[in-house]
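Sequence and predicted model, in that order:
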Amino acid sequence: MKSETPAGAVPWSKLSLGTVVLAVAVHSLWGGNAVAIKLSLEAFPPMWTAFLRFSIAIVCVALWAGFRGIPMRPKRSEWWWLVLLGVFFSIQIGLMNIGFQHTSGSIGSILMATNPIFAALWAHLLVAGDRLTRQRIIGLAVAFLGAAVVILQSGPIDGATAVGVGSGLVFLSAALLGGRLAYTGRLLQRMDEVRVVLWQMVISVPVFGVAALMSENIVWERVGLAPIAGILYQGLVVAGLGFMLLTYLMKRYSTSVITSFNFVSPISGVLLSVLLLGDKITLHVLAGVALVGTGLYLVARHQASP
C-alpha cells in the first residue's frame, strides 16, 4: 500500500537556495565517504569499521537529541518498523564495506552514487505522487549504463578472485540504500527524523559487533592517523551530521528530489580518491562518472521542469 505524498514534497524548481546548498553539501560529504572507508579499511576490517563508525555516530545523534529535547524511546507501534529498518541498514552497510575492500575508492563512489536509480524505483512503489516518467526513466537508464561500464571494466582487488566482485557488492549496496531511503521517507511521515536515524544505528551496532568478533581481527600494526581519521569522518561527519541533514531534507521534500542531487557524489568521490588515495583516472572511470552524473542530472532537471 502506498503512502501519502510527504507534506514537504516540493518540486525542484521551488527549492530555496539554502536547501540546494545543503543538499549539495550533504552529497559531497557522501563522496568523501568512499575515501574515508578505504582509509579505515587499512587497519579495521569491514565489520569493525561499521561497528566503530556507528558507535561514534550514536553518541553524536543522542547528544543532539538530548540538546533538542527529542524523546528517543520509540512508541510500541514503531518498534517493528524500526527493527526492519535496522536489519535493512545492517545488510546494506555490511555489503558496502565488504565491497569497498575489493574495489577502488573512485569506482566505489561512482557505484554508490547510483542509489537514486533504486530510490526512484522504490519511491514509485511506496510513495504516492513520486512517479516514474519517461524522462526520469531515460536519466536513470543512463546512470545505470555508467554503473555497468564501471563494474564490467573493474578488476579484482585485495583477494577478490573474480573481476567486478567488489564493485558488484557495492552496487548491490547502492540498490539496498535506494530502497532504505524510500522506506525511511515513508517512516518520516509518522516519526521524528532524529529517532529514526538513532535507532537504525542502535539496532545495527550489535550486529556489526558480533560479526566483527566472530570473523575479523584488527590489524593493530596499521592503526595510525589515516585509518583513525577515516573512522572519525564516517562517524562524526557522515553517519552523524550527514545522516541527520539528509533525513531532515527527506522529511520536507520528496525522496527523488533530494536523492537527485547525488550527481555531485561521484564527482567529489573520484576527485578525492585521486588526491588522497592515489587512484588513477582511467577511461572507464571517466565514462562512469560522465554517464552516472549525466543520468542523475537528467533526473534532477526533470524535477525542475513544471
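Ah, there it is.

where does residue 218 land in three-state SS?
Assigned with DSSP: H, G, I helix; E, B strand; the rest coil, residue 218 falls in the coil class.

and if you look at residue 21?
Using three-state DSSP, the structure places residue 21 in helix.

got it, and the one 5 residues further on?
State at residue 26, reduced to three classes by three-state DSSP: helix.

Output the below-cut-off pLDDT ranges for the stretch 1-150 of the chain.
For the stretch 1-150 of the chain, applying pLDDT under 70 flags the ranges 1-14, 126-131.

what are the ranges of the helices in it?
Using DSSP state H, counting those that start in this stretch, the helices of the stretch 1-150 of the chain run over 17-41, 46-68, 79-101, 105-112, 115-126, 134-153.

Now do the spatially most central residue of the chain against residue 96, distance only.
Centroid-nearest residue in the chain, with Cα atoms, centre = their mean: residue 177, separated by 5.9 Å. Taking Cβ to Cβ, to the nearest Å as the measure, residue 177 falls 8 Å from residue 96. No exception for glycine: its C-beta is placed from N, CA and C like everyone else's.

what's the answer for residue 288, then?
For residue 288, the distance to residue 96 - Cβ to Cβ - is 17 Å.

now residue 164
16 Å.

which one of the two has more residues nearby?
Comparing residue 164 with residue 96 by neighbour count (other Cβ atoms under 10 Å), the higher total belongs to residue 96, at 27 against 20.

Could you list the buried residues of stretch 112-125?
Residues 112-124 are the ones in stretch 112-125 that count as buried (16 or more other Cβ atoms under 10 Å).

Serialize those to CSV and add fields for distance to residue 246.
Shown next, in CSV, are the buried residues of stretch 112-125 (distance: Cβ to Cβ, whole Å):
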residue, distance to residue 246
112, 14
113, 14
114, 17
115, 11
116, 12
117, 17
118, 16
119, 12
120, 16
121, 19
122, 16
123, 15
124, 20
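
Which single one of those is nearest to residue 229?
Nearest to residue 229, judged by Cβ to Cβ, of the buried residues of stretch 112-125 is residue 112 at 19.9 Å.

can you pull the contacts of the residue nearest to the closest one when sequence neighbours are not counted?
Excluding the flanking residues, the one nearest residue 112 by Cβ to Cβ, 6 or more residues apart in numbering is residue 174, at 5.1 Å. Listed by Cβ atoms under 8 Å, 6 or more residues apart in numbering, the contact set of residue 174 reads 111-115, 117-118, 147.

Can you read off the pLDDT for residue 174?
For residue 174, the model assigns a pLDDT of 92.

Double-check that it belongs to a helix.
Yes: using three-state DSSP, the assignment for residue 174 is a helix.

Next one: it from residue 69, what distance?
Distance, residue 174 to residue 69, by Cβ to Cβ: 36 Å.

what's the answer for residue 137, then?
Applying Cβ to Cβ, the value for residue 137 to residue 69 is 44 Å.

ditto for residue 286
Shown here: residue 286 relative to residue 69, a distance of 49 Å by Cβ to Cβ.

So which of those two has more stuff around it?
The neighbour count for residue 286 versus residue 69, taken as other Cβ under 10 Å, is higher for residue 286 (12 against 6).

Enumerate every residue touching residue 277.
By Cβ under 8 Å, 6+ apart, the contact set of residue 277 is 35, 38-39, 104-106.

Look up the pLDDT of it for me, please.
With respect to pLDDT, residue 277 scores 92.

Over to it: give its phi and psi.
phi -110, psi -10 (degrees, to the nearest 10).

Cool, thanks, talk later.
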